[in-house]
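Visitor: need a structure here:
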Amino acid sequence: MPRDLEKMSVAELDALIERAHVARQETRDRRRVELKEEIEGKLKSEGFSAIEVLGAKVKPKPQPLPAKYADPHDATLTWSGKGRTPGWLQSKLDGGAPLEQFLVKS
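Guide: I've put the predicted structure just below:
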């Protein structure tokens, strides 16, 4: 549906541009899904995985560290001692409790 852009107001042009951007993104998203399904189907029919064909390196998921500190009243609140001190522990430390009080006994 051709439009005479010269006769359109700035607001009409802005609205047209916005609709075009939305339509473009929807088309890209739909095509991305279609291509993924096509490629996965082709790989499966040929007996390959995407990693075999594309050579992607897959890092193993890091294992969680064991708990070094725990809340004596709530065993679900734990901390490995690495990274930022969790809020539950920091509030108790700020209240004057010693960190050693929360050590997990092995």
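Visitor: show me what the helix or strand bottoming out on mean pLDDT in the chain is packed up against.
Guide: Lowest by mean pLDDT, DSSP states H and E among the helices and strands of the chain is helix 50-54, with a mean of 84. With contacts taken as 3 or more C-beta pairs under 8 Å, 6 or more residues apart in numbering; DSSP states H and E, helix 50-54 sits against helix 10-46. Bear in mind the C-beta positions are built from the backbone N, C-alpha and C, glycine included.
Visitor: what about the chain, any weak spots by pLDDT?
Guide: Judged by pLDDT under 70, the chain has its weakly predicted residues at 1-2, 58.
Visitor: ok so, going back, next SSE after the least confident helix or strand of the chain?
Guide: strand 69-71 (DSSP states H and E).
Visitor: and that next one, what other elements does it pack with?
Guide: Against strand 69-71 (3+ C-beta pairs under 8 Å, 6+ apart) you get strand 74-79, helix 87-94.
Visitor: how about a markdown table for these, with distance to L35 and mean neighbour count added?
Guide: A markdown table is the format used below for those (distance: least, C-beta to C-beta, whole Å; neighbours: other C-beta atoms under 10 Å):
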| stretch | distance to L35 | mean neighbour count |
| --- | --- | --- |
| strand 74-79 | 43 | 14 |
| helix 87-94 | 44 | 13 |
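Visitor: in JSON lines, list those along with distance to D4.
Guide: Shown next, in JSON lines, are the helices and strands packed on strand 69-71 (distance: least, C-beta to C-beta, whole Å):
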{"stretch": "strand 74-79", "distance to D4": "66"}
{"stretch": "helix 87-94", "distance to D4": "61"}
